[in-house]
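sequence plus the predicted model coming up.
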Amino acid sequence: MLRRTKIVATLGPATDDPKVLRKVINAGLDVARINFSHGNRDDQRKRVEMLRQIAADCGRDVGIMGDLQGPKIRVRRFAKGMAILKDGAKFFLDPTLGEMDGNKKGVGVAYDNLHRDVKPGDTLLLNDGQITLTVDSIEGARVLTTVVNGGTLSDHKGINRRGGGLSAPALTEKDREDIRFAAELKLDFLAVSFVRRPADVTETRRSLREAGGHGLIVAKIERTEAVTCIDEIIDAADIIMVARGDLGVEMGYARLTGMQKQLIRRTRHANKVVITATQMMESMIHNPIPTRAEASDVANAVMDGTDAVMLSAETAVGKYPVEVVAAMSEVCRGAEEYSLPRSAASHRMDDRFRAVDEAIAMAVMYTANHMNVKAIIALTESGSTALWMSRIRSDIPIYAFTPHEVTSRRVTLYRGVYSVPFNLQHTEVGPLYRDIFATLLTRKLVEIGDLVIFTKGDLTGVSGSTNSMKIIRVTAPD
């Protein structure tokens, strides 16, 4: 059984050995993530070039996602590298304090407007919520607080405000430079961190296009403000990432699971792609197998219909990058056995389709889920028909036959869709079917006598021109 849920894994020092990266790809990597928060240009370029070479050697299409750092609000540095904050102690945050002048009384902040965004009584959460401060007062640019839940605070840890409300813009100057670099590298996806509104997505897309890039835009949902206008953000983006780290800190962990399920459901209903991320198998940074809770977490996201699940530090710096990808793949397969396909009989029955190829895609899935069809073959330029079909839950594989490498890598993120390189050389139906059948049979994707559904357009080379579907039986090539 083909795994339908895709795996995104972050590259880093743990995958810089070509032998390790080859094993990670063979273990089931679908999309590689380049985190622009870490490493330099040379590191990132080498990782992209090595990934593409090894993926080609393995005969695999692997997409690449650049992830912008965004305005992560962090403390600066401590004179001793850290400070122990005790419950009830007074502690200040001050953007005017020197870079390395932090101590147990206070620390600098790499965000000049913190004092304008908070007020007395607010709760600030540091180090992913491990340390809790209550704002007492504001004196100039200095925010005076009381430690509610203390602990060890070290250099560069993040700051969140419970309930959101920090007004830092989504794109920093570093992000704009990284956008130009992503365009230069021809990355397939670009993720925008700390999205607050649809304009953040639109601005990123415009900047990427102006730089010559054509990647799809991923909106990372990690701020409370984003949830309040989520439908507009989904509409503006190509892909939504449920970034559960900062989102969980800002909105509270009690609501996080329900919000995750809602985001997956709403994104798929809007015919967009969704990734579930953060701490999915974090114990495998140090251990060779996941905890039962981690396996359950991944499985629940799969059963909710997420397109992809993502690994971060587990593969970037962890001790077991190959094992964690293999474990995640195994959990996804197991969960998919219990993800019963939903009939297409009532899916979007109240909607009006906006395009011919969208209507064809819905007709295909209705038919496929009511017949003994073994595969769906979409002859596609952009991959949009395959995307629409993949929005309906089904265990029937969708093969995107395309001549374009960009499209082949793009569909690596679509649940249940698999790219097949295919150059359309025939205008007559007979020779076309023979070539398709030969490709399917050579790859052992179908058997002679299987029923398949085939979609195509009359205009070769024109995106969005799919206008027909046929139910055909696989025959042996002449």
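Everything's here; your move. Numbers count the residues shown, from 1 in each chain.

let me see the ranges of the strands in the stretch 51-200 of the chain.
63-67, 82-85, 90-94, 106-108, 123-126, 131-139, 142-149, 151-154, 159-161, 189-192 (DSSP state E, counting those that start in this stretch).

pick the most deeply packed of the ones you listed.
strand 189-192 (a mean of 28; mean count of other Cβ atoms under 10 Å). Just so you know, the C-beta spots here come from the backbone N, C-alpha and C atoms, and that holds for glycine as well.

now do that one: which elements does it pack against?
strand 63-67, helix 198-210, strand 216-221 (3 or more Cβ pairs under 8 Å, 6 or more residues apart in numbering; DSSP states H and E).

in which helix or strand would I find Leu440?
helix 429-442 (DSSP states H and E).

what residues sit buried inside that helix?
432-433, 435-437, 439-441 (16 or more other Cβ atoms under 10 Å).

helix/strand/coil for the most centrally placed residue in the chain?
Centroid-nearest residue in the chain: Ile275, 4.0 Å away (criterion: Cα atoms, centre = their mean). Assigned with DSSP: H, G, I helix; E, B strand; the rest coil, Ile275 falls in the strand class.

surely it and Thr5 touch.
No - Ile275 is not in contact with Thr5 according to Cβ atoms under 8 Å; the separation is 10.3 Å.

what do these two both touch?
Common neighbours of Ile275 and Thr5, counting by Cβ atoms under 8 Å, 6 or more residues apart in numbering, are 306-309.

out of these, give me the two with the largest separation.
Asp307 and Val309 (8.9 Å; Cβ to Cβ).

which one of those two is surrounded by more residues?
Asp307 (29 against 25; other Cβ atoms under 10 Å).

how about that one, what does it touch?
5-6, 268, 273-275, 390, 413-415.

go on, Glu358?
Contacts of Glu358 by Cβ under 8 Å, 6+ apart are 271, 384, 388.

what helix or strand is it on?
helix 356-368.

pull out the buried residues from that helix.
Buried-residue list, helix 356-368, by 16+ other Cβ under 10 Å: 357-358, 360-366, 368.

report the buried residues of whichever helix or strand comes after that helix.
The helix or strand immediately downstream of helix 356-368 is strand 373-379, counting by DSSP H and E. Neighbour counts over strand 373-379 (16+ other Cβ under 10 Å) mark 373-379 as buried.

those into CSV, with extra columns for distance to Ala254 and pLDDT?
As requested, the buried residues of strand 373-379 are exported to CSV (distance: Cβ to Cβ, whole Å; pLDDT from 0 to 100):
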residue, distance to Ala254, pLDDT
Val373, 43, 92
Lys374, 44, 93
Ala375, 43, 94
Ile376, 41, 94
Ile377, 45, 93
Ala378, 42, 91
Leu379, 47, 90
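
among these, which pair sits farthest apart?
The farthest-apart pair in the buried residues of strand 373-379, when distances are taken by Cβ to Cβ, is Lys374 and Leu379, at 17.4 Å.

partner strands of the very next helix or strand once past the helix holding Leu440, parallel or antiparallel?
Next along the chain after helix 429-442, taking DSSP H and E as the criterion, comes strand 451-457. Applying DSSP bridges, strand 451-457 is found paired with strand 373-379 (parallel), strand 466-473 (antiparallel).
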